[in-house]
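> Everything below, folded, please.
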Amino acid sequence: MTAYLNALGVVCSLGAGKADVAEALFRASPDGLRTIDGWVPDRALPLGSVDAALPDMPADLAHRDTRNNRLLMLAAREIEDDIRAAIARFGAARIGVVVGTSTTGIEEATRGIATRGVTGAWPDAYRYADQELGAPAAFLSEWLGIAGPSYGISTACTSGARALLTAGRLLRLGLCDAVVCGGADTLCRLATNGFHALEATDAGRCLPFSRARRGINIGEAAALFLMTRDAAPVTFLGGGASSDAHHMSSPEPEGRGATEAMRRALAAAGIDAGAIDYVNLHGTATEHNDAMESRAVAAMFARPVPCSSTKALTGHTLGAAGALEAAFCWLALTDAERRLPPHVWDGDADPALPPLAFTRAGDTLGPGRRHLMSNSFAFGGNNASLVLAGGA
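Numbers count the residues shown, from 1 in each chain. Coordinates of the predicted model:
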């Protein structure tokens, strides 16, 4: 069975909607990261915050009102007509919803917990369900009137990628005729301070794969696809996942789990490594992740493959990252000039790492059918790799 990514709705710090995001992405806009004070003690951090006005929550969904769900609604509105057409065609029970997330409504929850700590009582607006990991998918199903399988996936930074893998499986098993799938995470103090406590954040713009890399920037985003069996310009050829369980927060140094995820993705896609024309790297700009990934990519591909990390443009959007970066591949495949996401860094390669063929602004895919890979690697050794294709 072949699955297609028929529609895309996306919002991140680069903009709201496919056109705005693509324009900023391909010209490597520096505006996606802004230094903001007050998120961690005694330091201002560059954050990929979304400045677009978020929609109001409908009155009958007031119990679902979180920033995460509003961000998700903004992305979903871009493809709402496509979703509602699918509901009308297949029936609400034949549409699934799978959303990857790691922060969900935790920012609102922590404010409620803080209020209770001071006053001894929960604030009226506090709802435990807001912080449940299935809350974003439940919100979309309730808002859109979808009655098929609906659940969240939370595997840290692979959550959004695994949502697409799951959507493809639901179609392949015949449980759904269409699936709304992707990821959404919003900035929250719990996650930001957690990474800061791990000494994993950079006080400046992150520098993936640089000798001078010092850590991540954190961002927020929502990216949603409508996946069906109906032919479309972008094909979802599948993906692979692995769990090497090397360490709670550090990747397996040689990238064995990452290599296995890529190998499985190629097998699912029915192609070999030589057919891949671009790799969107996980590329967090942390010391160990970049070292592991560069080794895995160098071992997987016999020739230099154009690749880039886009996290210096958007920040690391955590549970949304896998879906957002798959969206960047979708934008490259549908762009009139077939531009590739550029790799933004200082150009000072780490001599201890295998060299990679990083893209620059203006690089293109060229004509013909092209195959793109998107990598996501997470805490606990959770790895995922997706393959998308497009063109005649």
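> any weak-confidence spans in the stretch 251-392 of the chain?
Residues of the stretch 251-392 of the chain meeting the criterion pLDDT under 70: none.
> can you pull out the strands in the stretch 151-300 of the chain?
Taking DSSP state E, counting those that start in this stretch to define them, one finds strands in the stretch 151-300 of the chain at 178-185, 218-219, 221-228, 234-243, 276-280.
> Dump the ones you listed to TSV, plus mean neighbour count.
Just so you know, the C-beta spots here come from the backbone N, C-alpha and C atoms, and that holds for glycine as well. Output for the strands of the stretch 151-300 of the chain, formatted as TSV (neighbours: other CB atoms under 10 Å):
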stretch	mean neighbour count
strand 178-185	34
strand 218-219	28
strand 221-228	29
strand 234-243	22
strand 276-280	25
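> Any idea which of these gets closest to Ser102?
Closest to Ser102 of these, according to CB to CB: strand 178-185, at 5.7 Å.
> Adding distance to Leu71, write the strands of the stretch 151-300 of the chain out as a markdown table.
Below are the strands of the stretch 151-300 of the chain laid out as a markdown table (distance: least, CB to CB, whole Å):
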| stretch | distance to Leu71 |
| --- | --- |
| strand 178-185 | 6 |
| strand 218-219 | 11 |
| strand 221-228 | 5 |
| strand 234-243 | 23 |
| strand 276-280 | 21 |
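> which one of those lies closest to His196?
Per CB to CB, nearest to His196 of the strands of the stretch 151-300 of the chain: strand 218-219, 9.1 Å.
> what does that closest one rub up against?
12-13, 32-33, 45, 47-49, 187, 191-192, 195, 201, 311, 314-318 (CB atoms under 8 Å, 6 or more residues apart in numbering).
> ok, and the closest residue to Ala261 other than its chain neighbours, which helix or strand is that part of?
The shortest distance from Ala261 to any residue other than its chain neighbours is 3.9 Å, reached at Asn383 (CB to CB, 6 or more residues apart in numbering). Asn383 is part of strand 382-390, with elements assigned from DSSP states H and E.
> What helices and strands are in contact with that strand?
In terms of contacts (3 or more CB pairs under 8 Å, 6 or more residues apart in numbering; DSSP states H and E), strand 382-390 is packed against helix 159-172, strand 234-243, helix 256-269, helix 321-334, strand 370-378.
> Adjacent strands (with direction) for it?
strand 234-243 (antiparallel), strand 370-378 (antiparallel) (DSSP bridges).
> want to throw the helices and strands packed on strand 382-390 into TSV with distance to Phe358?
Listed next are the helices and strands packed on strand 382-390 as TSV, based on distance: least, CB to CB, whole Å:
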stretch	distance to Phe358
helix 159-172	21
strand 234-243	23
helix 256-269	18
helix 321-334	15
strand 370-378	14
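> and Asp56, which of the ones you listed is closest to it?
The nearest among the helices and strands packed on strand 382-390, by CB to CB, is helix 321-334 at 24.0 Å.
> what's the angle between that closest one and strand 178-185?
120 degrees (axes from the mean of the first three to the mean of the last three CA atoms, to 10 degrees).
> now for the helix or strand following helix 321-334, which elements pack on it?
Proceeding N to C from helix 321-334, the next assigned helix or strand is strand 357-358, under DSSP H and E. In terms of contacts (3+ CB pairs under 8 Å, 6+ apart), strand 357-358 is packed against strand 306-308.
> mind listing what's buried in the strand it packs on?
Pro306, Cys307, Ser308 (16 or more other CB atoms under 10 Å).
> Stretch 282-290 too?
Buried, per 16+ other CB under 10 Å, within stretch 282-290: His282, Gly283, Thr284, Ala285, Thr286, Asn289, Asp290.
> Make TSV out of the residues you listed and add distance to Pro136.
Formatted as TSV, the buried residues of stretch 282-290 follow (distance: CB to CB, whole Å):
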residue	distance to Pro136
His282	22
Gly283	25
Thr284	23
Ala285	27
Thr286	26
Asn289	26
Asp290	29
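> Can you list which of the contacts of strand 218-219 are found in helices?
If you go by DSSP state H, the contacts of strand 218-219 have Ala191, Thr192, Phe195, Lys311, Thr314 in helices.
> and which of these is nearest to Gly240?
Of all those, Gly240 sits closest to Lys311, with 21.5 Å by CB to CB.
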